[in-house]
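Undergrad: Dropping the sequence and predicted coords here.
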Amino acid sequence: MKHGGDLTEAMARHGGAPQQWLDLSTGINPWPWPIPVISDEAWQRLPSRADAAALIDAARTAYGVPAATSIVAASGTQSLIQWLPHLATPGPVAIVGPTYSEHASAWRSAGREVIAIGDISELPQQARHAVIVNPNNPDGRIVDRATLAAAARLLQPRGGWLVIDEAFADVTPEITASALCADLPIVILRSFGKFYGLGGLRLGFALAAPSIADRIQAAMGPWCCSGPALQIGAAALCDHVWAEATRAALARQAARLDAILRNAGLELIGGTALYRLTRHREAVRIHAALAQQQIWCRRFDWANDLLRFGLPPDDAALDRLAAALSDRR
């Protein structure tokens, strides 16, 4: 499974309609921010500068971005991931892994040499750029700001960038490295859809010093985000009460999921409040057994002993997962 959230493969192999499946293959919040009525103007006219400015202002506050750092909005972080290798100066890129595979794919597609490393402190001399996902997907590993700053300083005289993908940082907002962007060659990616449960909206952000952000903005072009996305994104990012309550609710649900996974004999080895990573020597068989009961979790082609579970949305889903894991024994 290359990505989560698409039941096409599951249904092709095991049958069933989408509504019959319990999809735990993504790291998207199962309790989305409640979308209000969208104005007719958002659908009927081109997005205005005022719409875009409102979104950027909301993102600046929600993500704690200093005034000296610029913010670029895009139609999802995936589009930014695709663009960055074409905007960065020539040279190899070191990617801390295992991690989200689209980073390496995008840099390779742009003709770059990709160097796999296990730790950002192990930057090879030939690497001009580096990419790290923080918290990491799928194991949730978090690297502190001092270590990230040291890596960026190594890349600075090489004319390189440190790309920090903070797609899952909303659940632990205190870890953001946004304060480093003004003085160091750092590009931070923030995903809107995962924490706010609205992946289909396709909205994301790049945070960087103005000299870097201007290049990204030029590549994005005008109207890269739809009017409804601007309106929904701005309103949701301003809803700080919802965000705080949601962080607490996600942590509680993750703890309940942990108990079910442990009781089933799976070893918890990482994750965030939006997904949990487990190890079991029979992970491939467990994945197949769950799929036969129309429960879809995430397995990895690079590790046959790992499974990732997103959060079940309610008590019935938790009970269904617990029963299915018990039945496969």
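TA: On my side now, so go ahead.

Undergrad: residue boundaries of the strands in the chain?
TA: For the chain, the strands defined by DSSP state E cover 22-23, 70-74, 93-96, 114-117, 129-133, 162-165, 186-191, 204-208, 267-272, 275-279, 295-296, 298-300, 303-310.

Undergrad: What residue spans form the domains of this structure?
TA: For the chain, automatic domain parsing gives the domain ranges 8-32+241-327, 40-238.

Undergrad: Packed most tightly, which of the ones you listed would that be?
TA: Among those, domain 40-238 has the highest mean neighbour count (mean count of other CB atoms under 10 Å), at a mean of 19. For glycine as for every other residue, the C-beta is placed from the backbone atoms N, C-alpha and C.

Undergrad: Could you measure from Val72 over to Thr147?
TA: Distance from Val72 to Thr147, counting by CB to CB, to the nearest Å: 25 Å.

Undergrad: actually Gln253, not the one I wrote
TA: To Thr147, Gln253 is 30 Å away according to CB to CB.

Undergrad: that older thread, same list, the domains of the chain, but as JSON lines with mean pLDDT please.
TA: Shown next, in JSON lines, are those (pLDDT from 0 to 100):
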{"stretch": "domain 8-32+241-327", "mean pLDDT": "96"}
{"stretch": "domain 40-238", "mean pLDDT": "97"}
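
Undergrad: what pLDDT does Arg329 get?
TA: At Arg329, the model reports a pLDDT of 56.

Undergrad: Looking at this structure, which helix is longest?
TA: helix 240-263 (DSSP state H).

Undergrad: Now do that one against strand 275-279, angle only.
TA: Going by axes from the mean of the first three to the mean of the last three CA atoms, to 10 degrees, helix 240-263 is angled at 20 degrees with respect to strand 275-279.

Undergrad: what residues does helix 240-263 touch?
TA: Contact with helix 240-263 is made by 29, 31, 33, 62, 170-171, 195, 236, 268, 271-274, 276, 278, 309, 311-312, 318, 321-322, 325, as judged by CB atoms under 8 Å, 6 or more residues apart in numbering.

Undergrad: Go again with 6 Å.
TA: Residues from elsewhere that reach helix 240-263, judged by CB atoms under 6 Å, 6 or more residues apart in numbering: Val171, Leu268, Ala273, Arg276, Thr278, Leu311, Leu321, Ala322.

Undergrad: Would you point out the most distant pair within those residues?
TA: Val171 and Ala322 (23.5 Å; CB to CB).

Undergrad: Now the longest helix of the chain - C-alpha only, PDB.
TA: C-alpha atoms of helix 240-263 as PDB (Å, rounded to 0.1, in the frame of the first residue of the first chain):
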ATOM      1  CA  HIS A 240      -8.200  27.700  18.800                       C
ATOM      2  CA  VAL A 241     -10.800  26.400  21.300                       C
ATOM      3  CA  TRP A 242     -11.600  23.500  19.000                       C
ATOM      4  CA  ALA A 243      -7.900  22.800  18.400                       C
ATOM      5  CA  GLU A 244      -7.100  22.500  22.100                       C
ATOM      6  CA  ALA A 245     -10.100  20.300  22.800                       C
ATOM      7  CA  THR A 246      -9.200  18.100  19.800                       C
ATOM      8  CA  ARG A 247      -5.600  17.600  20.900                       C
ATOM      9  CA  ALA A 248      -6.900  16.300  24.200                       C
ATOM     10  CA  ALA A 249      -9.600  14.100  22.600                       C
ATOM     11  CA  LEU A 250      -7.100  12.600  20.100                       C
ATOM     12  CA  ALA A 251      -4.700  11.700  23.000                       C
ATOM     13  CA  ARG A 252      -7.500  10.000  24.900                       C
ATOM     14  CA  GLN A 253      -8.500   8.000  21.800                       C
ATOM     15  CA  ALA A 254      -4.900   7.000  21.000                       C
ATOM     16  CA  ALA A 255      -4.500   5.700  24.600                       C
ATOM     17  CA  ARG A 256      -7.700   3.500  24.100                       C
ATOM     18  CA  LEU A 257      -6.300   2.300  20.800                       C
ATOM     19  CA  ASP A 258      -3.000   1.400  22.500                       C
ATOM     20  CA  ALA A 259      -4.800  -0.800  25.000                       C
ATOM     21  CA  ILE A 260      -6.500  -2.700  22.200                       C
ATOM     22  CA  LEU A 261      -3.300  -3.200  20.300                       C
ATOM     23  CA  ARG A 262      -1.300  -4.300  23.300                       C
ATOM     24  CA  ASN A 263      -4.000  -6.800  24.400                       C
END
